[in-house]
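A structural model of the following input is requested.
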Amino acid sequence: MALLEAVRGDLSAVSLPLALAGVEQARQDTRNAVAQLDDYILPRYRSLDAPLLAVVGVPRAPANLRWSTPWWGTRSPAPAPSGHHTAAHSAAPPGRRRLVRRPPCAAYPYPDPGTVSREPVPASRAGATPDAEAVSSLVLVADHAVPQGIALLDAPDVDSISDDNRRLAGQLLAAADLWVFVTTANRYADAVPWRLLLDASSRDIMVAVVLDRVPAEAEAEVSADLRALLRQEGLGDAGLFIVPETDLDHLGMLPTSAVEPLGRWLQELAADAAGRSEIARRTLNGTVKALAGRVGAVAHAVQGQERAAAALRAGAEAAYRDAGPEFLTQQRTAPSSVAKYWRVGRTSSEQGNSSGRWSRTSDG
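Numbers count the residues shown, from 1 in each chain. I've put the predicted structure just below:
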């Protein structure tokens, strides 16, 4: 723990002032490393037995799948604590607004909001009535249906047209113990989902992939292809849940039967204390290993800055040394050159001057 805190201190003190090739990426890597230490690694090390945080990563397309109480097999809302929402319906219904600005929502087991004590966004921004202009606020949703031992956080769209949304989605996914990644039958091979899934693979994080809006006639072919891609990228043990193309209910939500397998899987994870602990340790160990690579890249960038600074210093000193003799020569020859143009006049009746002053020579 002390070593990680020391690493965090060193990273926060890193300065990369020179505009070298790749410096912007190195600066971003440094910021990301500090954020991951603050948002996930240090809090999780301090509380290894804390409930799991499952973050749902969703691209824009599958607008008909949102986390909601059907995932837990019930629609009965809990009486929420003062200032918090209940989950009688989706806290973030689909619509155009979701595609641009939408605060993240976290469902926790009623009545214990301590489940989300490792908030990946500042606690001062968390609340039941988020600022519509600040996607970094966190909506807390109390629900009897959410089992103890887990919290479910619905991140902003990972491929949102909003830069703020995309950055926050990445921050939340980096703070997760496990991912529930949602994609669709016609977008599962897109670049954005796979960039995130490859990051999950590098962290050895547990992943569940939800394939949404799958036509019945294409289910076998599409699911087989996706499983092959997952195995190819080191995610062969990821859970795969198929959600068929289906009608929504009057609240715009999927029917319970469509997401029952996913809800059952999450409930089983929540009920298994030893399994939860193993998932947390596995993700933590993988994240620390990935952090080591990032810290190595930052150290390499710092060394590059030091070499460049040393070269600049040496060049300046050499230029000064080389210019010294020439400068002294110019200083010695300067008086004779000036004398051709100027001389000191003396006050005398022969010169016709009433006082001593600089006067121009006759040959000038």
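
how far off centre is the longest strand anywhere in the chain?
When the chain is parsed with DSSP state E, its longest strand is strand 206-214. Chain-centre distance of strand 206-214: 22 Å, with CA atoms, centre = their mean, to the nearest Å.

cool, stretch 254-265 as well?
Distance, stretch centre to chain centre, for stretch 254-265: 30 Å (CA atoms, centre = their mean).

who does the longest strand of the chain touch, helix- and strand-wise?
strand 178-184, helix 191-203, helix 219-232, strand 239-244, helix 256-271, helix 273-339 (3 or more CB pairs under 8 Å, 6 or more residues apart in numbering; DSSP states H and E). All C-beta atoms are positioned from the backbone trio N, CA, C, and that covers glycine.

so which of those is nearest Q28?
Q28 lies closest to helix 273-339 among the helices and strands packed on strand 206-214, at 10.2 Å (CB to CB).

any idea of the angle that closest one forms with helix 191-203?
100 degrees (axes from the mean of the first three to the mean of the last three CA atoms, to 10 degrees).

so, low pLDDT: which residues of the stretch 1-150 of the chain?
By pLDDT under 70, the weakly predicted segments of the stretch 1-150 of the chain are 60-103, 110-137.

which residues in it form helices?
2-12, 23-36, 42-46, 96-100 (DSSP state H, counting those that start in this stretch).

so which of those helices is nearest A308?
helix 23-36 (9.9 Å).

ok, and what's touching the closest one?
Contacts with helix 23-36, where a contact means CB atoms under 8 Å, 6 or more residues apart in numbering, come from 8, 11-12, 14, 16, 171, 174-175, 287, 291, 294-295, 297-298, 301, 305.

just how off-centre is it within its chain?
9 Å.

any buried residues in that helix, and which?
Neighbour-count burial for helix 23-36, with 16 or more other CB atoms under 10 Å as criterion, is recorded at V23, A26, D29, T30, N32, A33, V34, A35, Q36.

next one: stretch 276-290
R276, I279, A280, R282, T283, L284, G286, T287, V288, A290.

CSV for the helices and strands packed on strand 206-214, including mean pLDDT?
Shown next, in CSV, are these (pLDDT from 0 to 100):
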stretch, mean pLDDT
strand 178-184, 88
helix 191-203, 83
helix 219-232, 92
strand 239-244, 91
helix 256-271, 87
helix 273-339, 84
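
need the winner for burial among these.
Most buried of those by mean neighbour count (mean count of other CB atoms under 10 Å) is strand 178-184; its value is a mean of 24.

just the CA atoms of that strand, as PDB, please.
The C-alpha trace of strand 178-184 is given here as PDB (Å, rounded to 0.1, in the frame of the first residue of the first chain):
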ATOM      1  CA  LEU A 178     -16.300  -6.200 -13.600                       C
ATOM      2  CA  TRP A 179     -17.800  -5.000 -16.900                       C
ATOM      3  CA  VAL A 180     -21.200  -5.700 -18.400                       C
ATOM      4  CA  PHE A 181     -20.600  -4.700 -22.000                       C
ATOM      5  CA  VAL A 182     -23.600  -4.200 -24.200                       C
ATOM      6  CA  THR A 183     -23.400  -4.200 -28.000                       C
ATOM      7  CA  THR A 184     -25.700  -5.200 -30.800                       C
END
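
that one - contacts with which helices or strands?
If you count contacts as 3+ CB pairs under 8 Å, 6+ apart, strand 178-184 packs onto strand 52-57, helix 191-203, strand 206-214, helix 256-271.

how about the helices and strands packed on strand 206-214 in JSON lines, adding distance to L3?
Below are the helices and strands packed on strand 206-214 laid out as JSON lines (distance: least, CB to CB, whole Å):
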{"stretch": "strand 178-184", "distance to L3": "26"}
{"stretch": "helix 191-203", "distance to L3": "19"}
{"stretch": "helix 219-232", "distance to L3": "34"}
{"stretch": "strand 239-244", "distance to L3": "34"}
{"stretch": "helix 256-271", "distance to L3": "30"}
{"stretch": "helix 273-339", "distance to L3": "10"}
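
so which of those is nearest L211?
The nearest among those, by CB to CB, is strand 239-244 at 5.3 Å.

if I look at L4, how far off is A274?
Applying CB to CB, to the nearest Å, the value for L4 to A274 is 25 Å.

what of A26?
On the measure of CB to CB, A26 and A274 end up 40 Å apart.

tell me the contacts of D163?
D163 neighbours (CB under 8 Å, 6+ apart): none.

chain center to stretch 285-305: distance?
Worked out by CA atoms, centre = their mean, stretch 285-305 lies 16 Å from the chain centre.
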